[in-house]
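> one predicted model, sequence on top.
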Amino acid sequence: MALMTYAQAAVLAVRKEMEADPRVVVLGEDVGRGGIFGQYLGLQGQFGAERVIDTPISEAAIMGAGVGMALAGLRPVVEMRVVDFALCGMDEIVNQAAKNRYMFGGQGRVPLVARMCNGIWDASAAQHSQSLEAWFAHLPGVVVVCPSTPQDNYSLLRASMACGDPVIYMEHKTLWGLSGEVDPEVKIPLVKAQTLRKGGDLTLVSWSRQVAICEQACRELAQVGIEVDLIDLRTIWPWDREAVLASCGRTGHLLVVHEAVQAAGFGAELAATAAEETGCRVRRLGAPRIPVGYAPMLEAQSRIDADAVVKAAKGLVENRNLEKVHA
Amino acid sequence: MEEKRETLLALYRTMVRIRAFEDAAEAASQGGVSAYGKAADGSAKVRGPLHLSTGQEAVAAGVCAHLEPTDYLTSTHRGHGHTLAKGADLARMMAELFGKATGFNGGKGGSMHIADFSVGMLGANGVVAAGMPIAVGAAHAQKLQRRPGLTACFFGDGAINRGPFLESLNWAKVFQLPVLFVCEDNRWSATTASGPMTAGEGASARAAGFDIPSFTVDGNDVLAVHEAAGELVGRIRDGRGPHLLHAVTYRLKGHVSVDPAGYRDPAELAEALKDDPISRARAVCAAIGGEGADLSVLDAIAREATEEVRAAVAAADAAPWPQTSAAFTDVQTTGEGQWR
Ligand SMILES: Cc1ncc(C[n+]2csc(CCOP(=O)(O)OP(=O)(O)O)c2C)c(N)n1
């Protein structure tokens, strides 16, 4: 057990995999200096510039080369900096990495991890603040992971690097400095959600940075007698149907909260499935469908705070309609 | 001689306005963003990543001096200098950096998205090289509509390794568009030196592959930039298609304003500081001699710029924040008001 940040936990995960497997390489802009968030700190010093590869600003080639390396026997960790720039390598993700195995009849595998941190980056405005996990959840052929704690980041990054499928690995842009205990021996399998609180009134599912905000909301809800099953989904696709649906079956109510835009967000998928499978009542809470603004009060309109979660939860269990928030 | 002096004084004025703007923005940004081991403390007036063009003023000044309001401009994340030199109002720019309602974008964009469409400045950009195809499209529209004018397109040395650079050059040449590509080569791309990441001789050499004529110029010599840009702009206005200017300069600050740039050799910075384009312009002015070559004229121009910026900072500070309802305006017209 050691106290470390979310970024340090990621470094440790990559280090362990690189030590264990010479096929693992890292490629991306500024990774030699440790990455812009310190998520590769010290790795080039330890493993050399041939395995921790600084690249030109060429997202399409970084991602595409990752696919080629994977097909040719390496296990690349491909750094996209932030999800917003991964959009410059989108064909390589969507048409190449995700489709290769199926389209070529299973002849090849693309065991790469594409890291692209997600979410609102404080005061960084519309092109640096997107939450796009639903885009990738919609894409057959990839795994999508959104870790919320240092331990999860450590264990899920290792699991992602070992899994053999292309993984869209979405850390959060503002969790890098979050500290927590990390036990390097702990293995967390992909697809396994974590139940953080047990309660019989409501199932609350969230992921990434939004989980901590939901925890706060749960404490407030407990004070008014609403007990919540809080589930950190961790892996977005494939998701832990067993855990989520079992909980929904017990509580009869599902609220999904995410930082991403609510319309066509991944919450819709969870809510629809839960309603179909368990007949529970459902509600989603995500950002309004607006770009993220720069000024603090504009940016705040895209954030889901604990108050909003509390309100949505109460509305759901008390069988009320949500007030029209932005009518 | 008198004409050269007049030109130089005008360019000097543009440069010191940019420098004063950048210095004030830098001061207002400390603690504004958590990066490089420093935490955001919430006290900063300018929040978020702030990319300063300190030391690169001669490129913006020398190029934009040749642009008319009917000419378009696209810029990069490091776009304050270009925007000011294109004629945008300094106070409204500062207000945008402060996130205020009186800023050009009403507080929606901030530094990385600084823009003033009314003077043809079509936007700074948070995505490297993204302004290039947009510039090409604007030039294509100018050509299709038989309008006078050209489009100038600034980009960094790091941007030439992205596909849109190559696609834009090819497109501009294929359609013989009135575009001036300006590679502002400050030798760094975030925390990585651009040289080892770039095959061949850089922007000019690549332009040659597309049969796009180019000049390489000392980007800290404002008269040289001005002369080279003037020649290229003249040719473009004559209908001779796209041209490229490769201006070699240096990024005097970190990648963003809170980046101490500990990754680069201090000697390299010390050398670069000796080559400050503003000091060089002063030296040239003195050398020209004649009336007013006495540096007090330059000092007066610099003081005026500092004053203007001081007033802009005060105005930005006092300006109202955007209404929260502004978060929901200007998203799209069709389906307006449908947020969920
Ligand atoms: C497509 C894309 N990739 C990466 C980034 C992150 N980034 C921002 S600025 C920068 C360096 C750009 O270097 P250069 O083009 O030389 O411009 P400079 O910063 O030196 O002005 C990088 C990598 C980005 N904004 N967009």
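Sure, I can see it.
> up against chain A, what does the stretch 201-340 of chain B have?
Within the stretch 201-340 of chain B, the positions near chain A by CB under 8 Å from any CB of the partner chain are B:263, B:321-322, B:324, B:326-328, B:331, B:338-340. Just so you know, the C-beta spots here come from the backbone N, C-alpha and C atoms, and that holds for glycine as well.
> can you say which helix or strand has the nearest residue to A:Lys187 once chain neighbours are set aside in it?
Distance criterion CB to CB, 6 or more residues apart in numbering or on different chains; nearest residue to A:Lys187, sequence neighbours excluded, is A:Ser155 at 6.0 Å. Using DSSP states H and E, the element containing A:Ser155 is helix A:150-162.
> quick one: mean pLDDT for the next helix or strand along the chain from that helix?
Remark: after helix A:150-162, the chain's next helix or strand is strand A:167-169, criterion DSSP H and E. Average pLDDT, strand A:167-169: 99.
> mind listing what strand A:167-169 pairs with, with the direction of each?
Strand A:167-169 has the following strand partners under DSSP bridges: strand A:113-115 (parallel), strand A:143-145 (parallel).
> quick one: those strands as JSON lines, columns for distance to B:Ala312 and mean pLDDT too.
Below are the strands paired with strand A:167-169 laid out as JSON lines (distance: least, CB to CB, whole Å; pLDDT from 0 to 100):
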{"stretch": "strand A:113-115", "distance to B:Ala312": "40", "mean pLDDT": "99"}
{"stretch": "strand A:143-145", "distance to B:Ala312": "45", "mean pLDDT": "99"}
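> any idea which of those is most buried?
strand A:113-115 (a mean of 28; mean count of other CB atoms under 10 Å in any protein chain shown).
> contacting residues for the spatially most central residue of chain B?
Nearest to the mean C-alpha position of chain B, by CA atoms, centre = their mean, lies B:His82 at 3.1 Å. B:His82 sits next to B:53, B:60, B:64, B:73, B:75-76, B:121, B:124, B:154 when contact means CB atoms under 8 Å, 6 or more residues apart in numbering or on different chains.
> now, which of those lie close to the ligand?
Restricting those to those within reach of the ligand (CB under 6 Å from any ligand atom) leaves B:Thr76.
> just the ones in strands from the contacts of B:His82, please.
Cross-referencing these against strands under DSSP state E gives B:73, B:154.
> for the closest residue to the ligand within the stretch 1-150 of chain B, give me the pLDDT.
Nearest residue of the stretch 1-150 of chain B to the ligand: B:Val128, at 3.6 Å (CB to the nearest ligand atom). On the pLDDT scale, B:Val128 is placed at 98.
> ok, it - contacts?
Applying CB under 8 Å, 6+ apart, we find B:Val128 in contact with A:57, B:76-77, B:155-156, B:158-159, B:162.
> can you list the weak-confidence ranges in chain B?
Residue ranges of chain B with pLDDT under 70: B:32-40, B:291-293.
> which non-adjacent residue is nearest B:Phe98?
Leaving aside its sequence neighbours, B:Phe98 sits nearest to B:Ala316 (CB to CB, 6+ apart; 4.1 Å).
> who's in contact with the helix or strand that neighbour falls within?
In this assignment (DSSP H and E), B:Ala316 forms part of helix B:296-318. Identification of contacts with helix B:296-318 by CB under 8 Å, 6+ apart yields B:9, B:12-13, B:16-17, B:19-21, B:23-24, B:28, B:45, B:90-91, B:93-95, B:97-98, B:100, B:102-103, B:282, B:285.
> before we move on, what SS does A:Gly141 have?
Here A:Gly141 is coil, with the state taken from DSSP: H, G, I helix; E, B strand; the rest coil.
> ok, now B:Cys183?
strand.
> please tell me how far the residue nearest to it when sequence neighbours are not counted sits from chain A.
Excluding the flanking residues, the one nearest B:Cys183 by CB to CB, 6+ apart is B:Ala203, at 3.6 Å. Remark: distance between B:Ala203 and chain A (CB to the nearest CB, to the nearest Å) = 13 Å.
> the helix or strand where A:Glu19 lies - contacts with which helices or strands?
In this assignment (DSSP H and E), A:Glu19 forms part of helix A:6-20. Contact partners of helix A:6-20 among helices and strands, from 3 or more CB pairs under 8 Å, 6 or more residues apart in numbering or on different chains; DSSP states H and E: strand A:24-28, helix A:43-47, helix A:150-162, strand A:179-182.
> burial measure for residue 193, as a count.
You didn't say which chain, so I picked chain A. 19 (other CB atoms under 10 Å in any protein chain shown).
> actually chain B
Neighbour tally, B:Ala193, other CB under 10 Å: 17.
> with A:Gln216 instead?
Using other CB under 10 Å, A:Gln216 has 15 neighbouring residues.
> kindly report the same for B:Glu201.
The burial count for B:Glu201: 11, using other CB under 10 Å.
> so how far is B:Leu244 from it?
13 Å (CB to CB, to the nearest Å).
> helix, strand or coil for A:Arg283?
Following three-state DSSP, A:Arg283 is assigned to strand.
> same check, this time on B:Val258
B:Val258 carries the three-state label coil when classified by three-state DSSP.
> can I assume it is in contact with B:Ser29?
Yes - counting by CB atoms under 8 Å, B:Ser29 is a contact partner of B:Val258 at 6.8 Å.
> and the lengthiest helix in chain B, what other elements does it pack with?
What stands out as the longest helix in chain B, according to DSSP state H, is helix B:2-29. Counting contacts by 3+ CB pairs under 8 Å, 6+ apart, helix B:2-29 packs against helix B:57-64, helix B:80-85, helix B:90-97, helix B:222-237, helix B:277-288, helix B:296-318.
> could you list the buried residues of that helix?
Applying a neighbour-count criterion of 16 or more other CB atoms under 10 Å in any protein chain shown, one finds B:5, B:7-8, B:11-22, B:24-26, B:28-29 buried in helix B:2-29.
> what about it, near the ligand?
No - judged by CB under 6 Å from any ligand atom, helix B:2-29 stays clear of the ligand, getting no closer than 12.9 Å.
> the host helix or strand of A:Val77: how far from the chain's middle?
Using DSSP H and E, A:Val77 maps to strand A:75-79. From the chain centre to the centre of strand A:75-79 is a distance of 17 Å (CA atoms, centre = their mean, to the nearest Å).
> the helix holding A:Ser155 vs helix A:6-20, what angle?
30 degrees (axes from the mean of the first three to the mean of the last three CA atoms, to 10 degrees).
> average pLDDT across helix A:150-162?
98.
> again, but for stretch A:248-263
The model assigns stretch A:248-263 a mean pLDDT of 98.
> show the end-to-end separation of it, please.
In terms of CA to CA, to the nearest Å, the two terminal residues of stretch A:248-263 are separated by 22 Å.
> okay, buried residues for that stretch please.
Going by neighbour count (16+ other CB under 10 Å), the buried part of stretch A:248-263 is A:248, A:250-263.
> contact partners of whichever strand or helix holds A:Cys248?
Assigned by DSSP H and E, A:Cys248 falls within helix A:241-251. Helix A:241-251 has contacts (CB under 8 Å, 6+ apart) with A:192-193, A:195, A:199-203, A:205, A:229, A:231, A:233, A:254, A:270, A:273-274, A:277-278, A:280.
> run the last query once more with 10 Å
A:191-195, A:198-205, A:227-231, A:233, A:240, A:253-254, A:256, A:270-271, A:273-282, A:317 (CB atoms under 10 Å, 6 or more residues apart in numbering or on different chains).
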